[in-house]
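Give me a model of this one.
(chains A and B)
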Number of protein chains: 2
Amino acid sequence: MTNTAQQNDLANAIRSLSMDAVEKANSGHPGLPMGCADIATVLFTKVMKFDPADSKWADRDRFVLSAGHGSMLLYSSLYLLGYEDMTIEQIKNFRQLNSKTAGHPEYHFAQGIETTTGPLGQGVGNSVGMAVAEAKLAAEFGDDLVDHHTWCLAGDGCLMEGISQEAIALAGHLKLNKLTLIWDNNSITIDGAVSNSDSTDQIARFKASGWNTIEIDGHDQEAIEAALLKSKKSSKPTLIAAKTTIGFGAPKKAGTNKVHGSPLGAEELAGAKKALGISYPAFEIPADTLSVWRAAGMRSQNVRGEWQSRLAASPHKDEFERRQNGTLPTGFLEAMDAYKRQLGEDRPKVATRKSSQMALDVINAALPETLGGSADLTGSNLTDTKETKPFTVENRTGRYMMYGIREHGMAAAMNGVALHGGLIPYGGTFLVFTDYARPAIRLSAIMGQRVIYVMTHDSIGLGEDGPTHQPVEHLSTLRAIPNLLVFRPADAVETAECWQLALESTTAPSILALSRQGLPTVRTEYTMENKSAKGAYTLAGDLDADAVIFATGSEVAIALEGMKALGEKGISARVVSAPSLELFNQQSDAYRAEILGAAKARVAVEAGISMSWDRLLGDNGRFVGMKSFGASGPIDDLYQFFGITPQAVVEAVTAQL
Amino acid sequence: MTNTAQQNDLANAIRSLSMDAVEKANSGHPGLPMGCADIATVLFTKVMKFDPADSKWADRDRFVLSAGHGSMLLYSSLYLLGYEDMTIEQIKNFRQLNSKTAGHPEYHFAQGIETTTGPLGQGVGNSVGMAVAEAKLAAEFGDDLVDHHTWCLAGDGCLMEGISQEAIALAGHLKLNKLTLIWDNNSITIDGAVSNSDSTDQIARFKASGWNTIEIDGHDQEAIEAALLKSKKSSKPTLIAAKTTIGFGAPKKAGTNKVHGSPLGAEELAGAKKALGISYPAFEIPADTLSVWRAAGMRSQNVRGEWQSRLAASPHKDEFERRQNGTLPTGFLEAMDAYKRQLGEDRPKVATRKSSQMALDVINAALPETLGGSADLTGSNLTDTKETKPFTVENRTGRYMMYGIREHGMAAAMNGVALHGGLIPYGGTFLVFTDYARPAIRLSAIMGQRVIYVMTHDSIGLGEDGPTHQPVEHLSTLRAIPNLLVFRPADAVETAECWQLALESTTAPSILALSRQGLPTVRTEYTMENKSAKGAYTLAGDLDADAVIFATGSEVAIALEGMKALGEKGISARVVSAPSLELFNQQSDAYRAEILGAAKARVAVEAGISMSWDRLLGDNGRFVGMKSFGASGPIDDLYQFFGITPQAVVEAVTAQL
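Sure, this is the predicted structure:
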């Protein structure tokens, strides 16, 4: 080790705070912060571009701690760098309720936390999305406004997770050269040596995916700095394999799994401080060390000032700021309204996936910030429009991501795009494959990011592909995720309305569940009001009808047929279209009571399981839908076989009367 | 191409049937069967060991069509080989309701279908599990009884999916040399050229993961045979990169994405048949070609006869057959009963994850067929016992899989282990990370396999790790999957009972949701009866109590405290422990009515969302649980903060009275 005394002091400040915080909380992960302190020191004090005085500066470098359990590395660094909200009290309150220093880094909790991490591998995907956003915006606005780097710190766990391969392969393919992944190569996992469960030659693996690779001693600050700087000059994304000792400094536990996820204990902590030459009290960083850190924190102020001057003088200023703020442009609402008006005349009978594409024709023309894509199902998801030229190595202004067969990587990358700002990502696959992307979808919701999932083939209505491809439980299981809007529009009008709601939702992600099969227009009268905004509304029938029939998506037409058949029997019914149960549940009690009504019979129809409807159905309501996995066959046969028919609606109503 | 005329005829028989079936169904994927016909021909007629007369022969080679959309490749081959149930009528009924020839291969539907595939990459994981099972059983029973190979055919989609990396890395690490993955390297995905979305050097990638690699022309049957045979002699798993032309033979569409997933159309079909030299009518394979196929199908009959003789003479015969049949050994029930009796005396206050380990001490001693494991959380999941020496390259008799940080790969491999037979796989991770494994869990359920998921840290009760690690919606979303048993035991007794139920469940997989935190024994009286078998039962209180309080797992103790507090207010209450809502829902109406009771107040307590309880709660019931994501903090603070307390139970009851 060739570090100078000061270099060691800077790194030891991270180690000391991290050890102390974990010890005080009696919970947490000291191993990574101790092992990666040299890396963080160099990255934050010498290489990265950022300014604690403006943590949201658009042209800052991004740092993603994919190995989120090492959160104290980040919190310690943020404190040392002088981020105002990361006080020493916060460090002392590590892992306590309502502190900013949660067990894993939580986006929104504190400045400088660029993404929520913890579920392994997600940060790798996020960082790929951030690098995509940077490249795209640089091409669009010029590198005088957009020219920054994305740094991701990942552990063995991140690299073992499958999502990492999806992200790594995509980044290599797209030659995202402003992305550096630092691998904390400490040879240790929770269960012991990495060699217990993995023999991957990571260098060769990254090379196979088109990455530049550098191997260094992760405790040699000169080598770290050289590698980080070199990676910025690469024409490819760079892996820096940094050989580290987990729990560096701990006399007995360093280099073992004992230091990964539990406090050191008083004796080992004292031994570590002694070995590291840390003589100051817990949580008290010496003024000279702190002042070096704080000065380093301020070192990009001039760069930011120059950037602000360039922005102020730029012809792109207003548009750049609008895009960064995430506000939709004037004219968008008018364009959507004109389109809805046109639909009222055209009354197309098309699948809602096609309706979605028609809406996207309007949206993509009006919103330059959409970044579309699909996990290799473009022709099925219908996520492309004439504006969506692919984003490629040659064309960084492209507006369409060819994500490949990588649903999970797509979702995590979309999170990164949204977090970066300046773009609104949407991406498609089949609804059933939300299962593949679910950990990243959950993070979209936890972080409240405007990510739009365009999920087609949304029921047994997809037909012959059979049970593995037919979502049955998915509408309910997606509705189960807090802070996620699930939309299932019934026709072209509702699809346009739901797209608008998804685009306007700046604090929650959205799922659009769309049909493969053609559906009639059920909203035949133009209304300026976005009726889908209330989640559910009366589509047909009188408020005092004997029966109320709730339905979504492709089953709304079935409900309407059921209503007609009931009418022929002299039973009055009302059909409620419910494109979003989440939005309906947010309405006033009065509105909900009006829609639920006092009907003697209540039925819901949806080609999925009943779980998310059970509350609304209550003791006496009946459900027409699925109770099992689907089957392979033509669509009409399947709806008959599973009993999702107007006749079943009639029977469900009459059984209650 | 150097194939003989007969070799071409054999392959063209697959192509012809596949084209005709897709055309007749007007739905399906002709591209893969046409492109991989030469590979399948060589594999099935020359290399693989199997016998259509005994499709479940334990020592058969396994074939996994990971690229399940190419199902007609398999169906055509099974018909040609003479599998009795795969008639030409089935081929003609491709993709029709109730046919054996579903859109994607469905396990149980027809002989020779070794696993359900379609969701990409799953078959790769299944095949790794099958190869593990073979190696383990060969070490246990000797290679005179167990000596077979696993063949997996995968496409670019499978290899792009992250799960493939998890599976490939694990297979390489474990040197599963009796596993061959044939990559249908056709350079085409649904959206166009692979090069649109991927630049991975797959050969280098597999080498980096410790695989042997061979590159061949996938239409040269001599080269295919040589490669397949060579792969059987490797000391590592082998990738055969077979360069193919998707839709081989189609005059205009071959080599393009147009032939991937839609019928050729009459004109193109005719052109393909002409180009391939197929002059016979649709679905009518010439007798001479069929007879060669049928003879090839019978060619392992002698080998099977010899194997049966060896089995008949083996001292392992009874145990081998028991294991293959999947029946539990005599003595198991007695061992579990003795353990339960002991628990009645000991009344331990331990976390249910610890209770699970205590149960496993009994189970693993009694059942040599369990194959444990964890996705690198052994010390947290407590999935190890003294019997569980790791399964490694050096120790193939090991009973514990060090799966690494690969939840998805673990689940898919467990499916493969279960499908292989002879072993009962269980594996652990945190409950929240069922999301990572969800596509494979769903396939466990679709296939009805006895796979046991040991999911610990099952609520906010895990404390400081925070919202990314705290399951909130997961109990509901797992209960939403058809044919999956979700168990959430309350104490050591219920944990033992639930383990027993999971082991006895031969047609459905199980999830055990287990606490991190210590829990008191609530079942203090020994009963021989497995009370958990009914899913829910009265734990305390009288049937005619004013209130009934349902609870599961860690919240049962809270319910009991609530009951006590209500008693002090003069309100009688009854506590129902509900370790499995699925099993409860399977009980008679009378039993369900008895348990639900006529109480004036009904409450459910569970540290998750209410969705899966809504039906039971009905119009007036109240729920004490979660409505949002969790938070980072000590457990007691979290339960207070989110209001999951005895006091909240009291309030929920009194609000109804």
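
buried stuff in stretch A:237-251?
A:237-242, A:244-250 (16 or more other CB atoms under 10 Å in any protein chain shown). For the C-beta atoms, the positions are set from N, CA and C on the backbone; glycine is no exception.

possible to save those residues as TSV with pLDDT and distance to chain B?
Output for the buried residues of stretch A:237-251, formatted as TSV (pLDDT from 0 to 100; distance: CB to the nearest CB, whole Å):
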residue	pLDDT	distance to chain B
A:237	98	12
A:238	98	16
A:239	98	12
A:240	98	17
A:241	98	13
A:242	98	19
A:244	98	18
A:245	98	19
A:246	98	14
A:247	98	16
A:248	98	21
A:249	97	23
A:250	97	18
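
Now flag whichever of those residues is closest to residue B:98.
residue A:237 (50.2 Å; CB to CB).

near chain B, which residues of the stretch 101-250 of chain A show up?
Contact residues (CB under 8 Å from any CB of the partner chain) of the stretch 101-250 of chain A with chain B: A:102-104, A:106, A:116-120, A:156-157, A:160-166, A:169-170, A:172-173, A:189-191, A:196-205, A:207-210.

Excluding chain neighbours, give the residue nearest to the residue in the stretch 1-150 of chain A positioned nearest to chain B in space.
Per CB to the nearest CB, residue A:97 is where the stretch 1-150 of chain A lies closest to chain B, at 3.2 Å. Take residue A:97 and drop its neighbours on the chain: the residue closest to it by CB to CB, 6 or more residues apart in numbering or on different chains is residue B:633, 3.2 Å away.

number of nearby residues for that neighbour?
25 (other CB atoms under 10 Å in any protein chain shown).

what do you get for the one 5 residues further on?
Other residues near residue B:638 number 23, with proximity taken as other CB under 10 Å.

Give me the pLDDT value at the residue in chain A that chain B sits nearest to.
In chain A, the residue that lies nearest chain B is residue A:162 (2.5 Å; CB to the nearest CB). Note for residue A:162: predicted pLDDT of 98.

Where does the residue nearest to residue A:97 sit, in terms of helix or strand?
Residue B:633 belongs to no helix or strand when elements are defined using DSSP states H and E.

is it true that it touches residue B:464?
Yes. Counting by CB atoms under 8 Å, residue B:464 is a contact partner of residue B:633 at 6.4 Å.

if I look at those two, which residues touch both of them?
Residues touching both residue B:633 and residue B:464 (CB atoms under 8 Å, 6 or more residues apart in numbering or on different chains) are residue A:95.

re the thing from before, which residue is the nearest non-sequential neighbour of the residue of chain A closest to chain B?
Per CB to CB, 6+ apart, closest to residue A:162 is residue B:162, 2.5 Å.

Show the contacting residues for the one you found.
Taking CB under 8 Å, 6+ apart, we find residue B:162 in contact with A:161, A:162, A:163, A:164, A:165, A:166, A:406, A:408, A:409, B:121, B:408.

Residue B:512 versus that one, what's the distance?
With distances taken as CB to CB, to the nearest Å, residue B:162 is found 26 Å from residue B:512.

got it, and residue A:469?
29 Å.

So which of these two has more stuff around it?
residue B:512 (29 against 23).

so that one bridges to which residues?
Residue B:512 forms beta bridges with residue B:454, residue B:487, as assigned by DSSP bridges.

give me every residue that touches it.
B:356, B:452, B:453, B:454, B:455, B:487, B:488, B:489, B:495, B:498, B:499, B:502.

Quick check on residue A:601: phi, psi?
phi -130, psi 140 (degrees, to the nearest 10).

Count the residues that sit near it.
Neighbours around residue A:601, by other CB under 10 Å: 21.

what sits against it?
By CB under 8 Å, 6+ apart, the neighbours of residue A:601 are A:546, A:547, A:548, A:573, A:622, A:652, A:653, A:654, A:656, A:657.

Would you report the backbone torsion angles of the fifth one?
In this case it means residue A:622. Residue torsions, per degrees, to the nearest 10, at residue A:622 are phi -120, psi 150.
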